[in-house]
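Chemist: structure for the following, please:
(one chain, ligands or ions: 1)
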Amino acid sequence: MKDQLKLTAAQGVLQFLEPYIELGVGTGSTVDIFIEILAQSGLTLSKIFTTSQRSARKLKLHGFDVLNLSEIKKPLPFYVDGADEIDSSLCMIKGGGGALTLEKIVAETSKTFICIADESKHVKKIGKFPVPIEVIKEAIKPVCWTIENELGGLPVIRKNFVSDHGHNIIDIHNLSFDEPKVMEEKLNSIPGIITNGIFANRKADTLLVGTPSGLKIFK
Ligand code: 5RP
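Modeler: Numbering: from 1, shown residues only. Have a look, this model is predicted:
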């Protein structure tokens, strides 16, 4: 059932795309479905960038020519990606798949960020899903200390996982989400954290939600 809802959301993207457009493609199971749809659509895209090795492999498997992210130029017209949680103002928690660093870079570069999600991700208030952070190895202990003692969060190092950049991911539980932008900034200011998974300062522009009664669009 969830896959059907993801499919509904992913299919909805096609109405926004035109041939020869430049596209950023994110990471995750919803994006995997979107890549299948893109392949079947017959759309010729002028440039494709992506946020993970996983998506690059899948795109290449479908015959898409994936460019190196270092060639990306602002503004990228469209970026399509999933989320772990998204609220009605389109603030998100992302990074469940550990690709948050490139996701934040592509989001920041893009003109229009389209988030695709099944309805379970669309929540009143974000914060139930733990916030992933990508951290350099030497900073793990001090970062965990600061999170526990200054932010009241509970950091859990993700087991058997390293990011595409070779770093650890720590999932933070119990953070306060009364002001998502403020929490994003606080995490941004802790030395050793490369990226945090709160997308509140650069949130999505459009949300496509797959529901049992069809596609719902939020802007
Ligand atoms: C990866 C992400 C994904 O967009 C997020 O985890 C949602 O994934 P899925 O579509 O598998 O539920 O941020 O880093």
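
Chemist: ok, now which ones touch Glu108?
Modeler: Arg202 (Cβ atoms under 8 Å, 6 or more residues apart in numbering). Placement of C-beta: from N, CA and C, glycine included.

Chemist: for the nearest residue to Asp118 once chain neighbours are set aside, grab the count of nearby residues.
Modeler: Leaving aside its sequence neighbours, Asp118 sits nearest to Leu5 (Cβ to Cβ, 6 or more residues apart in numbering; 3.6 Å). A total of 21 residues lie near Leu5 under the criterion other Cβ atoms under 10 Å.

Chemist: longest helix of this structure?
Modeler: helix 29-41 (DSSP state H).

Chemist: downstream of it, the next helix or strand is which one?
Modeler: Using DSSP states H and E, the helix or strand that follows helix 29-41 in sequence is strand 47-50.

Chemist: that next one near the ligand at all?
Modeler: No - looking at strand 47-50 against the ligand by Cβ under 6 Å from any ligand atom, there are no contacts, and the closest approach is 11.5 Å.

Chemist: same for the longest helix of the chain, what does it pack against?
Modeler: The contact analysis (3 or more Cβ pairs under 8 Å, 6 or more residues apart in numbering; DSSP states H and E) places helix 29-41 against helix 2-12, strand 22-25, helix 53-61, strand 76-81, strand 110-118.

Chemist: save those as CSV, and put in mean pLDDT too.
Modeler: Converted to CSV, the helices and strands packed on helix 29-41 look like this (pLDDT from 0 to 100):
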stretch, mean pLDDT
helix 2-12, 97
strand 22-25, 96
helix 53-61, 97
strand 76-81, 97
strand 110-118, 98
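
Chemist: could these go into a markdown table alongside distance to the ligand?
Modeler: Below are the helices and strands packed on helix 29-41 laid out as a markdown table (distance: least, Cβ to the nearest ligand atom, whole Å):
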| stretch | distance to the ligand |
| --- | --- |
| helix 2-12 | 7 |
| strand 22-25 | 11 |
| helix 53-61 | 9 |
| strand 76-81 | 5 |
| strand 110-118 | 7 |
